[in-house]
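Q: pasted the sequence and its predicted model underneath.
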Amino acid sequence: MAQQFDVVVIGGGPGGYIAAIRAAQLGFSTACIESDAYADPKGAVRLGGTCLNVGCIPSKALLRSSELFETANHGFAAHGITAAAVKMDVATMMRRKDDIVAQLTTGIKGLFKKNKVTLLPGRGSFAGRADGLWQIEVAGKDGVVAVAATHVIVATGSSPRHLDGIPVDNKTICDNVGALALDAAPKRLGVIGAGVIGLELGSVWQRLGADVTILEALPDFLAAADPAVAKEAWKVFTKQQGLKINLGVKITGVKQTKKGKQTVVNVSYETSAGAFTLECDKLIVSVGRVPNIAGLGGDAVGLQLDERGCIAANEHCQTNLENVWAVGDVIRGPMLAHKAMEEGVMVAELIAGQAGHVNYDVIPWVIYTHPEIAWVGKTETQLKNEGVEFKSGQIPFMANGRALGQGDSTGFVRMLACAKTDTILGVHVIGANASELIAEAVVAMEFGAVAEDIARICHAHPTLSEVMHEAALAVDKRALHF
Ligand code: FAD
Ligand code: NAI
């Protein structure tokens, strides 16, 4: 007879492993199926999904290394420090990144043991329903094993979207996987897509010496961000840091050719100014991600998809099938690890009859460029489109002693609050440590705070968080330091 569980999770990324741990904490017999997509060098399954293996964590490790290199080259002099002949050994940088990934993915296996989650290595798929239980097949190295489950949580995540006619080999033309594993900084790096990956990984390789050109289809830069932030980011990235970003681009062809021993990529594109060709040594394709549906057997059991090809799910992550749930990148909403994890917790708690809940209005966004960009809630554009009257307070880091002391005073905090009630509607930060500073705004908005609440809270001095405080004061036109 098939092994039986209360909860079977398909996919061991942030959505899946967290759902499994929470379900087990709540007393359910729980299994998590993970394929060998990110197997370690010995072939053992690795948990953590895109995030830990080829996403959030490795990209932040490389961002940090490249920032240190940049600082040693260009930031020390102002402090009176001379660092001669600063060199970057890319192989050591990559080993450090790989060690962090190994440490964290192994850690999740430890968490599974601690919480008594059974790891089922292999590819999971629906095989039908019998006696009120979902029948799931796990195709592993040693053949197919069948398990039965009362509840199934699909957390199969997403994969990079590739473009027709642009074959990704992850050597010369790369998606996120290859872009996180180059063995040297290319002389000339082309990037298709000025989204989050294009900006983060473009920055990494630029700091390490690459001449980076980004080709973006949309006419606006960072259209999802607040317009004031997008404008500042454009200025800093292009004028101060020298990233070349071309907007309103239509890619018309990509060709790989040999120049002597070297492979080069020619990207043909058009803009309103004419037709151009970009010659580069490596090309990153970062044009969004697609949900992982293939091979799941969803069709056979009638699992519905939405108009974007994601698994259709309501605000509680319920699918159209009884006791089948879906979380993370495979469903609607932002493709973010913390959103996936929140959904994993919610679903496990709903299965347990508790009041699981995700507040989709208060999910923070962070882009880990330098300066960092972070926001929560509505942008000015959204509020205008919705006809909401608002007031705003904007304070530059230049007016903050700590930012000056750290030599990192680019950017600002911008707070948008309801004109009538003062309720905080959105907070937008571009600047050092924006990823950490945004947490205060998230807490405030989660508790329904008004701008005056933050204005009346004592913030430690001297800290960058004082800029958040001043922005709240500025909403009421009573900033003290600006
Ligand atoms: P995934 O992490 O994709 O995990 C799904 C898992 O399911 C995978 O391990 C896959 O192998 C497995 N799987 C798929 N199908 C099957 C099957 N049939 N059987 C068994 N297993 C299966 N987000 C942030 O919040 N912050 C960041 O800084 C950030 N940086 C990123 C940087 C990069 C370069 C990339 C690519 C992404 C980044 N993200 C970031 C996004 C984040 O990685 C995803 O939103 C997150 O991993 C989604 O989690 P998930 O569990 O839904 O899916
Ligand atoms: P993205 O959606 O952020 O950006 C893709 C960009 O490519 C967009 O600007 C889009 O207009 C452009 N584009 C699409 N088709 C194009 C074409 N044919 N030619 C030129 N440009 C084109 O997607 P990205 O950067 O691939 O990242 C995928 C997802 O991974 C993100 O949406 C995000 O959810 C997640 N991620 C999150 C990070 C974070 O939280 N810091 C970091 C990296 C990724």
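A: That came through fine. Ligands and ions are numbered 1, 2, ... in the order given.
Q: what does stretch 106-123 contact?
A: For stretch 106-123, the surrounding residues in contact (CB atoms under 8 Å, 6 or more residues apart in numbering) are 5, 8, 12, 17, 20-21, 23-25, 29-36, 44-45, 47-48, 52, 138-141, 144-145, 147, 295. To be clear about C-beta, it is placed using only N, CA and C from the backbone, and glycine gets the same treatment.
Q: return the subset of those lying in helices.
A: Residues of the contacts of stretch 106-123 located in helices (DSSP state H): 17, 20, 21, 23, 24, 25, 52.
Q: of those, grab the buried ones for PyMOL.
A: Buried residues within those, by 16 or more other CB atoms under 10 Å, are selected in PyMOL with:
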select buried, resi 17+20+21+23+24+25+52
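Q: residues contacting the residue lying closest to residue 296 once chain neighbours are set aside?
A: With sequence-adjacent residues excluded and distances taken as CB to CB, 6 or more residues apart in numbering, residue 296 is closest to residue 125, at 5.5 Å. Applying CB under 8 Å, 6+ apart, we find residue 125 in contact with 136, 137, 139, 295, 296, 297.
Q: could you report the neighbour count for the fourth one?
A: If I follow you right, that is residue 295. 12 (other CB atoms under 10 Å).
Q: repeat for the last one
A: Burial of residue 297 is recorded as 16 neighbouring residues (other CB under 10 Å).
Q: ok, it touching residue 129?
A: No: with contact defined as CB atoms under 8 Å, residue 297 does not reach residue 129; the gap is 11.6 Å.
Q: check whether the host helix or strand of residue 345 contacts ligand 2.
A: Element membership of residue 345 [criterion: DSSP states H and E] is helix 337-351. No: contact of helix 337-351 with ligand 2 (CB under 6 Å from any ligand atom) is absent, the minimum separation being 7.4 Å.
Q: let me know how buried residue 188 is, in neighbour terms.
A: 16.
Q: show me what contacts it?
A: Residue 188 neighbours (CB under 8 Å, 6+ apart): 210, 211, 213, 279, 280, 281, 282.
Q: and if you look at residue 342?
A: Neighbouring residues of residue 342 by CB under 8 Å, 6+ apart: 358, 363.
Q: at 10 Å instead, please
A: Shown in contact with residue 342 (CB atoms under 10 Å, 6 or more residues apart in numbering): 14, 15, 18, 327, 328, 336, 356, 357, 358, 359, 360, 363.
Q: buried subset of the contacts of residue 188 as a PyMOL selection?
A: Applied in PyMOL, the following selects the buried portion of the contacts of residue 188 according to 16+ other CB under 10 Å:
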select buried, resi 210+211+213+280+281+282
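Q: in CSV: the contacts of residue 188, plus distance to ligand 2 and secondary structure.
A: Converted to CSV, the contacts of residue 188 look like this (distance: CB to the nearest ligand atom, whole Å; DSSP: H, G, I helix; E, B strand; the rest coil):
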residue, distance to ligand 2, secondary structure
210, 17, coil
211, 19, strand
213, 12, strand
279, 17, strand
280, 14, strand
281, 19, coil
282, 16, strand
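Q: closest to residue 183 out of the contacts of residue 188?
A: Using CB to CB, residue 282 is the member of the contacts of residue 188 that lies nearest residue 183, at 10.6 Å.
Q: surely that closest one meets residue 210?
A: Yes: counting by CB atoms under 10 Å, residue 282 touches residue 210, with 8.0 Å between them.
Q: quick one on the thing from earlier: the host helix or strand of the residue nearest to residue 296 pairs with which strands, and in what direction?
A: Here residue 125 sits within strand 123-130, counting by DSSP H and E. If you go by DSSP bridges, strand 123-130 pairs up with strand 133-140 (antiparallel).
Q: who touches the strand it pairs with?
A: Here strand 133-140 has contacts from 2-5, 8, 10, 31, 33-36, 45, 120-129, 144-152, 295, 297, 301, 321-324, using CB under 10 Å, 6+ apart.
Q: export the biggest strand by length in the chain to CSV, keeping only CA atoms.
A: Scanning the chain for the longest strand, with DSSP state E as the assignment, gives strand 143-154. Extracted in CSV, the C-alpha atoms of strand 143-154 (Å, rounded to 0.1, in the frame of the first residue of the first chain):
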residue,chain,number,x,y,z
GLY,A,143,12.1,4.4,-10.0
VAL,A,144,8.6,5.6,-9.2
VAL,A,145,7.1,5.5,-5.7
ALA,A,146,3.4,6.2,-5.0
VAL,A,147,2.2,8.2,-2.0
ALA,A,148,-1.3,9.2,-0.9
ALA,A,149,-2.2,12.5,0.8
THR,A,150,-5.2,14.2,2.3
HIS,A,151,-3.9,17.6,1.3
VAL,A,152,-1.5,18.5,-1.5
ILE,A,153,0.4,21.8,-1.6
VAL,A,154,1.9,22.6,-5.0
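Q: buried stuff in stretch 249-268?
A: For stretch 249-268, by 16+ other CB under 10 Å, it's 249, 251, 254, 264, 265, 267.
Q: could you list the buried residues of stretch 169-179?
A: So stretch 169-179, judged by 16+ other CB under 10 Å, has buried residues 172, 173, 174, 175, 176, 177, 178, 179.
Q: out of the contacts of residue 342, which are close to ligand 1?
A: Okay, of the contacts of residue 342 touching ligand 1 (CB under 6 Å from any ligand atom), that's 14, 15, 328, 336.
Q: does residue 113 count as helix, strand or coil?
A: Put simply, residue 113 is helix when judged by DSSP: H, G, I helix; E, B strand; the rest coil.
Q: count the residues that sit near it.
A: Count around residue 113 with other CB under 10 Å applied: 11.
Q: residue 80 too?
A: Neighbours around residue 80, by other CB under 10 Å: 6.
Q: and it, how far from ligand 1?
A: 34 Å (CB to the nearest ligand atom, to the nearest Å).
Q: circling back to that earlier point, buried ones among the contacts of stretch 106-123?
A: Among these, those classed as buried by 16+ other CB under 10 Å are 5, 8, 12, 17, 20-21, 23-25, 29-35, 45, 47-48, 52, 138-140, 145, 147.
Q: ok, and of these, which contact ligand 1?
A: Contacts with ligand 1 within those, as defined by CB under 6 Å from any ligand atom: 12, 33, 34, 35.
Q: among those residues, which are located in strands?
A: Filtering these for strands - DSSP E - leaves 33, 34.
Q: how close does the residue nearest to residue 25 when sequence neighbours are not counted get to ligand 2?
A: Of all residues not flanking residue 25 in the chain, residue 115 sits nearest, at 6.1 Å (CB to CB, 6+ apart). For residue 115, the distance to ligand 2 equals 27 Å [CB to the nearest ligand atom].
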